[in-house]
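Asker: please work out how this folds:
(4 chains)
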Number of protein chains: 2
Amino acid sequence: MAKKHQIPFQEVKLFSIAMPKYQKQTRFLVAVDCIIFGFDGTELKLLLVQRELEPEKGKWSLIGSFIREEEDIEKGANRILNQMTGLEGVYLEQLHAFGKPDRDPIERTISVAYFALIDIHQYERQLNDEYHAEWFPIKSAPRLIFDHEQMVEMAKKRLRYKAAFHPILFELLPEKFTVPQLQNLYEGIFDTVFDKRNFSRKIQSTNLLIKQKDKDKENSKKGAYYYKLDKRKYAANFHAFLNFIPNPDNIK
Amino acid sequence: MAKKHQIPFQEVKLFSIAMPKYQKQTRFLVAVDCIIFGFDGTELKLLLVQRELEPEKGKWSLIGSFIREEEDIEKGANRILNQMTGLEGVYLEQLHAFGKPDRDPIERTISVAYFALIDIHQYERQLNDEYHAEWFPIKSAPRLIFDHEQMVEMAKKRLRYKAAFHPILFELLPEKFTVPQLQNLYEGIFDTVFDKRNFSRKIQSTNLLIKQKDKDKENSKKGAYYYKLDKRKYAANFHAFLNFIPNPDNIK
DNA sequence: AAAATAAGTGTAAAATGTACATTTAATATC
DNA sequence: GATATTAAATGTACATTTTACACTTATTTT
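Answerer: This is a model prediction of the structure:
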């Protein structure tokens, strides 16, 4: 039996005769970074971690990881999401591949950014402390490393765009929520205010909400009825255009 | 002076002491593939090439290339677009990063797909014959290699989605065009027919068109007035929601 | 008992979307 | 040179959706 020794994977790829065609091409590091949005009932938040490596060690960063040798990109995004939050089946969508040659000063890294929407309360229950992750209100988040702020900007834009037509924001809400909470969420995302009569009517007309018998008394004396999402109708109507927003022209 | 010899880039990256942090990570081939749409006045078309390498040599493929060592991804997409068509300033938008580990049988390659919209007549004038590129009607395109058909499907979907709200389809038209041509284009993209009175009114109401004095007599005895796009208004309104489509719910 | 607070609800006017048929300009044909 | 042919151009009435706007209700606090 031949002497066993470890050959780094890259060398195998580069010098093996089994795959002669692509030999001359440069290979790159590929990472995923996740823009994780949460909503606490009042404002939109962003989950960030402190970077563990030099340079920029200790600075705030999106949650990310290099893609592994045999790992699908989206799997990679789900892996780190699960590591950080313990959650599975989270809403996750590819945003954009960022590839400026100098975006990571150590070595060129192409990053595929994903954005995730999670119910912040579920997360709090099963937080993984190991990574020092922290929620920041999106309006007062700290400076981020590399091009991560650009990624967040693009994700916000995408979220607004989708939310204007599709019932995507329900992903951010707990199982039971009130119409005023929902309106808060929409107003936060679009940074504006809506007439509550019109908003309520529009939401109700989608038929996606099931009224509950109990009320949330935390936020008012009268109390606001809880609603649940009709998951069947939600799944069926996710791609339909529901025109949630009065003047979509104002979305940037 | 030290003896000069060539060190492959990958080795420098892997073994240099200047960048110790990322040493253990796997590096990947990264490519761009372009879905190039064109419109000939009657139907939507797709620009394809015959693959030059084994395996799948001679099979039809999207136009693509590996990303070069110091090349931005979008620059790479523009590079191959320019190589193939000689055109610059073409509408180009990132679609999605495709990263299934086995999508290329030779070696794992992550491909960032872009879609481009070009005026087919401009292209014909400056075709680069070297690459054996050919236009295919989108409805009768040949089988494509790897996951390229999936890419085309996603690009069609994205194009429909954007075209429903934004005046993006003008990118496919020559400088002068008629309203019936424009309607053909919309009907082709959405695979349906619109009432021409309503369509014309809707298009006119955007104020993006400037009526010309001359007519196109190729397609009818009476002739249809040419229009030009008002480029100032187009640029200003590109992101506005113009609601071009009667029932956007029907878009998949 | 009165005051305070946020939830919940209706209506009329305006704007937009939809359905539908005839006239017009130019060429081709007899 | 009158008639037929072809596709372009255009208007109107009705239905639906969107918008603007203010008071009542339920409950708790004082």
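Asker: if you count contacts, what does the lengthiest helix in chain A end up packed against?
Answerer: In chain A, assigned by DSSP state H, the helix with the most residues is helix A:148-165. Packing contacts for helix A:148-165, counted by 3 or more CB pairs under 8 Å, 6 or more residues apart in numbering or on different chains; DSSP states H and E, involve strand A:27-39, strand A:91-98, strand A:109-119, helix A:179-190. To be clear about C-beta, it is placed using only N, CA and C from the backbone, and glycine gets the same treatment.
Asker: what residues does chain A put near DNA strand C?
Answerer: A:178-180, A:196-198, A:200-201, A:215, A:219-225 (CB under 7 Å from any atom of the strand).
Asker: now those: which count as buried?
Answerer: Buried members of those, scored by 16 or more other CB atoms under 10 Å in any protein chain shown, are A:178-180, A:224.
Asker: any chance of CSV for these, columns pLDDT?
Answerer: Shown next, in CSV, are these (pLDDT from 0 to 100):
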residue, pLDDT
A:Thr178, 97
A:Val179, 97
A:Pro180, 96
A:Ala224, 97
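Asker: output those of those also counted as contacts of DNA strand D.
Answerer: Applying CB under 7 Å from any atom of the strand to these, none is adjacent to DNA strand D.
Asker: from the residues you listed, which two are the most distant?
Answerer: Pairwise distances across those peak at 6.6 Å for A:Val179 and A:Ala224 (criterion: CB to CB).
Asker: got the contact list for the helix or strand harbouring A:Ile210?
Answerer: In this structure, A:Ile210 sits in strand A:209-216 according to DSSP states H and E. By CB atoms under 8 Å, 6 or more residues apart in numbering or on different chains, the surrounding residues in contact with strand A:209-216 are A:176, A:178-179, A:181, A:203, A:223-230.
Asker: just the ones of those in helices?
Answerer: Using DSSP H, these in helices are A:179, A:181, A:203.
Asker: ok, so of those residues, who is nearest DNA strand D?
Answerer: A:Ile203 (11.3 Å; CB to the nearest atom of the strand).
Asker: the closest one reaches A:Val179, doesn't it?
Answerer: Yes: counting by CB atoms under 8 Å, A:Ile203 touches A:Val179, with 6.4 Å between them.
Asker: so where's chain A uncertain?
Answerer: The model of chain A has pLDDT under 70 over residues A:1-21, A:124-129, A:245-252.
Asker: try 80
Answerer: A:1-21, A:53-54, A:123-131, A:241-252 (pLDDT under 80).
Asker: show me the domain layout of it.
Answerer: Domain segmentation of chain A under automatic domain parsing yields A:29-164, A:176-250.
Asker: is DNA strand D within reach of the first one?
Answerer: Meaning domain A:29-164. No: using CB under 7 Å from any atom of the strand, domain A:29-164 stays clear of DNA strand D, coming no nearer than 11.4 Å.
Asker: what would the ones in helices among the contacts of strand A:209-216 look like in CSV with distance to A:Leu44?
Answerer: Putting those into CSV (distance: CB to CB, whole Å) gives the following:
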residue, distance to A:Leu44
A:Val179, 18
A:Gln181, 13
A:Ile203, 18
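Asker: from those residues, which single one is nearest DNA strand C?
Answerer: Nearest to DNA strand C among those, with distances taken as CB to the nearest atom of the strand, is A:Val179, at 4.6 Å.
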